[in-house]
Structure formats: structure tokens, C-alpha cells
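[1] Structural data only, the sequence is not supplied:
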């Protein structure tokens, strides 16, 4: 029932956004009101259901998760737009190094409030209904997923519209409009990533508790060196996994650049527009690179808990899950918000501020955006998968071979 309430609420909120758009409401305001309205409608349904079932703790846990999710989105929006982005853009006057330093610091700062929010939400949910409450808080956060996904999908749609407008040679005014929409899209995408990170944290905690139940872990042995070894390896894996995914982006980009240079060198008519480039070969490079270079990270995520369980025992896996969850959540928040801020700083300059396109500030923010793209689009989101996959692998593997360990 809770999930169905969320779906109905999302549908009503999407209709509300359409009404606001016809009233010429600012896109940012319309999307924000849509997100908030979906949560309000959902909570009204959830309250009515809790009263009927005489289970108010259910409502309070769902409320906690939903409110934490909304606040994560709002905090993410604040860090990836407005004055923070303007300040980041102004740092470009001193060169790309300052842009990287300021963006990194901004992302690190953003982890504080969001991490505390997740921690408080986890504590309240646990006090209300134990581990079941934590799971229900995750459900509350994801209940309005349809609306959140709609807002998240807005970014790529606006970005592609801008690319089509530019390649089609449309009027500059069209590109200016799509650039504004794209800047908003970067913020909404960052909000979506914030939701995903928060829900991944709650899900990982619930899965960790499930593993403890399956593996009959009564208490965490802090004196056991195997547990500490597992925690260190878990913390390390999030960084190593991120390194693999970011290197994959860099390697695929190098292959793409070489192919583009080859085509320009061998087919002179491409630059003049007389001959169409071979798009298919570039698409193949990107697709093959993505699939080929994700084999090692995927195998690593699956084998790590299995090897530790066989080699060092259950306590080592407990440490692994704790280490990967704690560092993975914080690192994912940092990457998502830094990347979104760098991207929007570039858009801010391209709107005509600080000299506009082609200026020194623009070149500096382009460097920041280039660094930020693999942060927010590759490494950051993939960490959510890593922490959940290792927890699920641990549960499944112990269920199969636990009796012999």
C-alpha cells in the first residue's frame, strides 16, 4: 500500500507540474513544487493508512525517510546552484587550479549536512521500529521515486535538446534557452543523485542487518583484527573502485579523440561540412569501452566479500560492509555535488558573466567541468551499486556455503 500511495502521489504531482508550466512558472520553481507536493500528498495517504491500521510508528518512520529525502534534495540544490556556483565561477579568475580547489572544497563541505541528516534519520527510524523502521524509512524516501526520476530525467533531456539545437544551426536565442534549462537540469540531476545516495545508505544498513541475522552475528568484535582488516579493505575498495571507473572514462575518451582526429586527418571534407563524419565508429568505441572496462570493477565488487568470508571469516565481512558503506556514502555525496557545481559554474560563465564564452574564466571552468563529469556521472553513482552489491553478495554467499564455514 505504501508504494502504491507513492505512485499515485507522483502521478498527481506530475499533473501539478504541467499546470504550473502552463501558468508560465519558472522551471526551477515548478519542479521544486512538484517534488514537495508529491511528498505532501504521499504523507497524507500514509497517515490515513496508519490511522486505519492503528500503527502510527509506521507513519513516523515513513515520514522520517521522506523528509530526509526532501531535505537532501534541497541541500544538494543549494550547493549546486545560486551563490555557491557564482562564488565557484569567480574563482576561475585565478585559473583552473583554483576552480578545482574550490569545487573540491564545496563538495567536501556538502557532505557534512547530508551525512548528519542520514544519520539522524537512521537513528529516529531505529528508535521507532528497530531495523524494520530503517527499512521503512528507505521505502518512505523512495515512495515518490516516479516524481524524483521525472525530475532527474529532465537534465539529460534538456542537455540533448541543447546539443541538437547547436548541431542543427538554430538561432542563438534557442541555445540560450536550452543552456538555462540545462543548468537547471544539472541541479535536478544532482538532487536525484542525492536521493539515490540517501536511499542507498538506508538500504545498505538494512542489508547489513539482514546479513548479521543470516550469519548469526550477535555482536561486532572490535578486538578481532579480522574485523578491522575488513573495514580497512572496505574503505579502500570505494576509492579503488572509483579509480577504476574514472580511468575507464579517461581511456575511452582517449580512444574517442584518436578516432575523431583520424577521421579529420583522412577525410578533409568533415570540417567544412561537405562530408558527414562516421558517427557509428565513435558510438562503438564508447559502447565497447563502457562494457569492457566495467568487467574488473564488477568482478571486484562480487569477489571481495567472498574472498574475505572464506579467508578471514564472517567478522571480516562485517568490517568490509561497515567500511564500504561509511566511506562510499560520503564519497558519493562529495563527487555528485562537486561535479554538479563545476558543471553549473561553466554554465554561469557561458551565460555572459565574467567575460562569457572564450574568456579566461570560461576556459578555467571548462577544465572544472571536464573533471566533474566523471565525478558526478560515473564514479559517484556507481558507489551506490558497489555498497549494495557487496551486501547482497555477502547474504547470498553465506546462505549457500555458511554451514561449511
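    Received it, and whenever you're ready, just let me know what you need. What you see is a predicted model; the values in this text were computed from it and never measured.

[2] contacts, neighbours, all on C-alpha from now
    Noted.

[3] which ones are touching residue 337?
    Contact partners of residue 337, counting by Cα atoms under 8 Å, 6 or more residues apart in numbering, are 76, 79, 80, 106, 107, 110, 190, 376.

[4] Compile those residues into TSV and extend it with columns for distance to residue 334.
    Formatted as TSV, these follow (distance: Cα to Cα, whole Å):
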residue	distance to residue 334
76	10
79	11
80	11
106	8
107	4
110	7
190	11
376	9
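
[5] Most neighbours among these, please name it.
    Ranked by neighbour count (other Cα atoms under 10 Å), the contacts of residue 337 have residue 80 at the top, with 33 neighbours.

[6] Could you point out the helix or strand that follows the helix or strand containing residue 261?
    Assigned by DSSP states H and E, residue 261 belongs to helix 225-266. Next helix or strand after helix 225-266 toward the C-terminus (DSSP H and E): helix 269-272.

[7] centre of the chain versus that following helix, how much separation?
    Helix 269-272 sits 39 Å away from the centroid of its parent chain (Cα atoms, centre = their mean, to the nearest Å).

[8] can you list the residues that contact it?
    Taking Cα under 8 Å, 6+ apart as the rule, helix 269-272 contacts 263, 264, 275, 276, 277.

[9] and the next element down the chain from that helix?
    Where DSSP H and E defines the elements, the next helix or strand beyond helix 269-272 is helix 279-292.

[10] OK, contacts around the spatially most central residue of the chain?
    By Cα atoms, centre = their mean, the mean C-alpha position of the chain lies nearest to residue 193, the distance being 2.7 Å. Contacts for residue 193 (Cα under 8 Å, 6+ apart) come out as 336, 381.

[11] Quick one, grab the pLDDT at it.
    With respect to pLDDT, residue 193 scores 75.

[12] Tell me which helix or strand it sits in.
    Counting by DSSP H and E, residue 193 is part of helix 172-214.

[13] For residue 329, see how far away the residue nearest to the centre of the chain is.
    Residue 193 is 11 Å from residue 329, where distance means Cα to Cα, to the nearest Å.

[14] Can you list the low-confidence ranges for the stretch 51-200 of the chain?
    Across the stretch 51-200 of the chain, residues meeting the criterion (pLDDT under 70) sit at 186-187.

[15] mind listing the helices for it?
    56-79, 82-90, 96-142, 145-167, 172-214 (DSSP state H, counting those that start in this stretch).

[16] Show me the one of those that comes nearest residue 387.
    When the helices of the stretch 51-200 of the chain are compared by Cα to Cα, helix 172-214 sits nearest residue 387, at 6.6 Å.

[17] chain center to that closest one, what's the gap?
    4 Å.

[18] got it, and stretch 134-141?
    Chain-centre distance of stretch 134-141: 18 Å, with Cα atoms, centre = their mean.

[19] Give me the contacts around it.
    With contacts defined as Cα under 8 Å, 6+ apart, stretch 134-141 is touched by 2-3, 58, 61-69, 121-122, 125-126, 195, 199, 202-203, 205-206.

[20] switch the cut-off to 7 Å
    61-66, 69, 122, 125-126, 199, 202-203, 206 (Cα atoms under 7 Å, 6 or more residues apart in numbering).

[21] got a markdown table for those, with neighbour count too?
    As requested, those are arranged in a markdown table below (neighbours: other Cα atoms under 10 Å):
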| residue | neighbour count |
| --- | --- |
| 61 | 29 |
| 62 | 29 |
| 63 | 25 |
| 64 | 24 |
| 65 | 30 |
| 66 | 27 |
| 69 | 30 |
| 122 | 25 |
| 125 | 27 |
| 126 | 18 |
| 199 | 24 |
| 202 | 24 |
| 203 | 22 |
| 206 | 21 |
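
[22] and of those, the nearest to residue 254?
    For the contacts of stretch 134-141, the nearest to residue 254 is residue 199 (34.4 Å; Cα to Cα).

[23] any idea how far that closest one lies from residue 271?
    The gap separating residue 199 from residue 271 is 47 Å, by Cα to Cα.

[24] can you count the residues close to the closest residue to residue 75 other than its chain neighbours?
    Nearest residue to residue 75, sequence neighbours excluded (Cα to Cα, 6 or more residues apart in numbering): residue 114, at 7.4 Å. When neighbours are defined as other Cα under 10 Å, residue 114 has 24 of them.

[25] Residue 114 against residue 73, yeah?
    No - using Cα atoms under 7 Å as the test, residue 114 is too far from residue 73 to be in contact (9.4 Å).

[26] Output the contacting helices and strands for the helix or strand where residue 11 lies.
    Secondary structure from DSSP H and E places residue 11 in helix 2-22. With contacts defined as 3 or more Cα pairs under 7 Å, 6 or more residues apart in numbering; DSSP states H and E, the packing partners of helix 2-22 are helix 27-53, helix 145-167.

[27] what sits up against the last one?
    Translated: helix 145-167. Applying Cα under 7 Å, 6+ apart, the contact partners of helix 145-167 are 7, 10, 14, 31, 35, 174-175, 178-179, 181-182, 185-186, 188-189, 192.

[28] buried sites along stretch 29-48?
    For stretch 29-48, the neighbour count (16 or more other Cα atoms under 10 Å) marks 30-43, 45-47 as buried.

[29] Other residues contacting that stretch?
    Here stretch 29-48 makes contact (Cα under 7 Å, 6+ apart) with 2, 5-6, 9-10, 13-14, 16-17, 20-21, 59, 63, 66, 144, 147-148, 151.

[30] Please consider this matter closed, and thank you.
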